[in-house]
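**Student:** only the shape, not the letters, is given here:
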């Protein structure tokens, strides 16, 4: 019995000791962790890479770090304590590289992370740069101060120089080397239509351009809007009448127009024809179904994004109505007109002329 008890105790003690040894062994195996990310990881010579580095230790502190950018055994960057958040390096030769980050904690334990970088031979064909030029406002009266917004990108190199010609006369009013400034301001002091041109040149001599149009007038435009034909006293024996809404923006470029009309409840709208004064790609809203007695028309045209605003002069819509059989005096009223200029601001200084047609039915 004593022998059995003694053996049981020994087995229990041995198990406990083994568990302690295994636990201690696991604690001693805990190493620091680290990550290494290359951005970009693929490109052509010369390829400038930004390495993102991070490290931590659950049992102590990071005491040192080393970065070998091509795993040739030679340390290219190193330091004490935690590694920096980023480290830049430029690869000047083509090839496939494995970069290795090694971190050591205060217990001399080591953690390693690697990442791959592929560097290609540059193409013999230069890819031209791209550029974008915009202006605000693009229309106004003298003196008109505008702000040009500029941007450029070269897919296989860098922007070497740029220039901005505000009136396309061959002389640049603004220029610089390297990356473009975000904005440039200029004041037009004479009326006219100007084409501003941005030119960019890359480090291999490739060029590209972009243009915008600016319209400058001596005085604010005074648009006119009217209904045709003018008011008539009588429509003897008539059963129908057609009217048009006419718009002249006084050469002001317009990007959107909205008109509202009302007509008597005993009139029936039998036909509605719209004319795209803003161009064939203009969007239309509020086209009524026919026949209709809804008593109000709320119709609009607007340019799509990027389309060039244009001056308006002509008929916007034609409306035809069936007249009531009941004698009386009736009116069709143009109650509201909104014209938005090239910058999206309402044109002001005008009211609908001849905005009402009076119709007498015998």
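**Tutor:** Received, thanks. From a predicted model like this one, the values you see are computed outputs, not experimental measurements.
**Student:** drop to CA atoms for contacts and neighbour counts, all remaining ones
**Tutor:** OK.
**Student:** buried stuff in the longest strand along the chain?
**Tutor:** Longest strand of the chain, by residue count under DSSP state E: strand 328-341. By 16 or more other Cα atoms under 10 Å, the buried positions in strand 328-341 come out as 330, 332, 333, 334, 335, 337, 338, 339, 340, 341.
**Student:** packing partners of that strand?
**Tutor:** Where contact means 3 or more Cα pairs under 8 Å, 6 or more residues apart in numbering; DSSP states H and E, strand 328-341 is packed against strand 254-262, strand 356-361.
**Student:** can you list the buried residues of strand 328-341 in a markdown table and add distance to residue 275?
**Tutor:** Output for those, formatted as a markdown table (distance: Cα to Cα, whole Å):
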| residue | distance to residue 275 |
| --- | --- |
| 330 | 26 |
| 332 | 20 |
| 333 | 20 |
| 334 | 17 |
| 335 | 20 |
| 337 | 16 |
| 338 | 17 |
| 339 | 16 |
| 340 | 18 |
| 341 | 19 |
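**Student:** just the residues you listed now: which is nearest residue 150?
**Tutor:** Ranked by distance to residue 150 (Cα to Cα), those are led by residue 341 at 22.4 Å.
**Student:** please name the bridge partners of that closest one.
**Tutor:** Note on residue 341: beta-bridge partners residue 254, judged by DSSP bridges.
**Student:** how about it, what does it touch?
**Tutor:** Applying Cα atoms under 8 Å, 6 or more residues apart in numbering, one finds that residue 341 lies in contact with 139, 252, 253, 254, 255, 256, 309, 347.
**Student:** 6 Å instead?
**Tutor:** The neighbours of residue 341, taking Cα atoms under 6 Å, 6 or more residues apart in numbering as the test, are 253, 254, 255.
**Student:** what's the answer for residue 279, then?
**Tutor:** By Cα under 6 Å, 6+ apart, residue 279 lies in contact with nothing.
**Student:** next secondary structure element downstream of the helix or strand bottoming out on mean pLDDT in the chain?
**Tutor:** Every helix and strand in the chain was compared by mean pLDDT, DSSP states H and E; the lowest is helix 2-28, with a mean of 47. Sequence-wise, the next helix or strand downstream of helix 2-28 (DSSP states H and E) is strand 33-39.
**Student:** mind listing the strands that next one pairs with, and their directions?
**Tutor:** Take DSSP bridges as the rule and strand 33-39 pairs in its sheet with strand 47-56 (antiparallel).
**Student:** contact partners for residue 98?
**Tutor:** Contacts for residue 98 (Cα under 6 Å, 6+ apart) come out as 70, 71, 115, 116.
**Student:** circling back to that earlier point, residue 199: which of the helices and strands packed on strand 328-341 is closest?
**Tutor:** strand 254-262 (27.3 Å).
**Student:** and the contacts of that closest one?
**Tutor:** Applying Cα under 6 Å, 6+ apart, the contact partners of strand 254-262 are 295-303, 309-311, 332-342.
**Student:** ok, now stretch 213-227?
**Tutor:** 138-142, 191-195, 244-250, 350, 352-355.
**Student:** confidence score at the closest residue in space to residue 103 that isn't next to it in sequence?
**Tutor:** Distances taken as Cα to Cα, 6 or more residues apart in numbering place residue 65 nearest to residue 103, at 4.4 Å, with adjacent residues excluded. At residue 65, the pLDDT value in this model is 96.
**Student:** residue 65: neighbouring residues, count only.
**Tutor:** 25 (other Cα atoms under 10 Å).
**Student:** mind telling me what element it is part of?
**Tutor:** Under the criterion of DSSP H and E, residue 65 resides in strand 62-68.
**Student:** paired strands for that strand, with orientation please.
**Tutor:** According to DSSP bridges, strand 62-68 has these partners: strand 77-80 (antiparallel), strand 95-105 (antiparallel).
**Student:** pull out the buried positions in the first one.
**Tutor:** This means strand 77-80. residue 78.
**Student:** what does it contact?
**Tutor:** So strand 77-80 is contacted by 63, 64, 65, 66, 67 (Cα under 6 Å, 6+ apart).
**Student:** of those, grab the buried ones for ChimeraX.
**Tutor:** Per 16+ other Cα under 10 Å, the buried members of those correspond to this ChimeraX selection:
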select :63,64,65,66,67
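**Student:** of all the strands paired with strand 62-68, which one is nearest residue 32?
**Tutor:** Closest among the strands paired with strand 62-68, using Cα to Cα: strand 95-105, at 6.6 Å.
**Student:** show the average pLDDT along the closest one.
**Tutor:** 95.
**Student:** how about stretch 136-153?
**Tutor:** Mean per-residue pLDDT for stretch 136-153: 91.
**Student:** first vs last residue of that stretch, how far apart are they?
**Tutor:** Taking Cα to Cα, to the nearest Å, stretch 136-153 runs 22 Å from one end to the other.
**Student:** identify each buried residue in that stretch, please.
**Tutor:** In stretch 136-153, counting by 16+ other Cα under 10 Å, buried: 137-142, 144-146, 148-153.
**Student:** what do you get for stretch 243-255?
**Tutor:** For stretch 243-255, burial by neighbour count (16+ other Cα under 10 Å) applies to 243, 244, 245, 246, 247, 248, 249, 252, 253, 254, 255.
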